[in-house]
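Engineer: Next come a sequence and a model predicted from it.
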Amino acid sequence: MEKVKKIHLTFDDGPTPGITPRVLALLKEYNAKATFFCLGKNVVNNPELFKEITDQGHAIGNHSFSHFNGWKTPRKKYFEDIKKAELVLDSRLYRPPYGRISILQWIALRRRFRVILWTCLSRDYDKNTSVENILKRVKKASYPGAVIVFHDSEKSWPVLQQVLPLYLDFLKSNNFSCQPIV
């Protein structure tokens, strides 16, 4: 029997009403666990959805409060925004919005967090990228230990609702186990 291969699905920017529950339902259908990098402002506005994520056994991570770009935001404001998110997100995982983080920000943050980037950004938010291209991209990047990024956001949902079930089918048929980042 082929060995099970672990892979990490991650979802950024939620929780989002109407979207996150559908993502959770798909993950449950495939017995897949993920890591949700949540925005503090969305946790404040949707505490019941946030609780549902954790109640279903998924991991959570801090994705800041307001989604500031680390390359374009003054250092003090950037760190204050992350601290504000910490008030509602109890996690030692942090993913910088846009993957933009300066070396000085990373050095400061690694004292409190495990900074998580990715091996593949699905680009599910890009209206100029087809479902087929996104699926091809994430399949190609699927190997044991890979970290794949999707978004549980309104902007991404038109594509994600098509890509995610196809990708979960691919993972299942190729003996991958979707595990949260711990």
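Structural biologist: Looks like it arrived, so ask away.
Engineer: which residues touch the biggest strand by length in the chain?
Structural biologist: The single longest strand within the chain, with elements called by DSSP state E, is strand 5-12. Strand 5-12 is contacted by residues 20, 23, 27, 32, 34-37, 61, 63, 95, 97, 116, 118, 142-153, 171, 174-181 when judged by C-beta atoms under 8 Å, 6 or more residues apart in numbering. Just so you know, the C-beta spots here come from the backbone N, C-alpha and C atoms, and that holds for glycine as well.
Engineer: PyMOL command for the buried members of those residues?
Structural biologist: The following PyMOL line selects those of the contacts of strand 5-12 that are buried, judged by 16 or more other C-beta atoms under 10 Å:
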select buried, resi 20+23+27+32+34+35+36+37+61+63+95+97+116+118+142+146+147+148+149+150+151+152+153+171+176+178+179+180+181
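Engineer: Restricted to strands, list the contacts of strand 5-12.
Structural biologist: The strands, defined by DSSP E, take in 34-37, 61, 147-151, 176-178 from the contacts of strand 5-12.
Engineer: And these, which two are furthest apart?
Structural biologist: Greatest spatial distance among those (C-beta to C-beta): 151 and 177, at 22.3 Å.
Engineer: would you list every one of the helices in this protein?
Structural biologist: Listed in chain order, the helices of the chain (DSSP state H) span 20-29, 40-45, 47-55, 75-86, 103-109, 131-140, 157-173.
Engineer: which residues touch the lowest-mean-pLDDT helix or strand in the chain?
Structural biologist: Every helix and strand in the chain was compared by mean pLDDT, DSSP states H and E; the lowest is helix 103-109, with a mean of 95. The contact list for helix 103-109 (C-beta under 8 Å, 6+ apart) reads 70, 75, 78-79, 82, 94, 96, 101, 115.
Engineer: what do you get for stretch 145-160?
Structural biologist: Contact with stretch 145-160 is made by 6-16, 18-20, 22-23, 36, 116-122, 124-125, 129, 131, 134, 138, 141-142, 163-164, 181, as judged by C-beta under 8 Å, 6+ apart.
Engineer: Burial check on residue 72, number of neighbours?
Structural biologist: 9 (other C-beta atoms under 10 Å).
Engineer: how about it, what does it touch?
Structural biologist: residue 100.
Engineer: where's it relative to residue 139, distance?
Structural biologist: Using C-beta to C-beta, to the nearest Å, residue 72 is found at 33 Å from residue 139.
Engineer: now stretch 172-182, how far from the chain's geometric center?
Structural biologist: Chain-centre distance of stretch 172-182: 15 Å, with C-alpha atoms, centre = their mean, to the nearest Å.
Engineer: now stretch 49-69
Structural biologist: Relative to the chain's own centre, stretch 49-69 is displaced by 8 Å; criterion: C-alpha atoms, centre = their mean.
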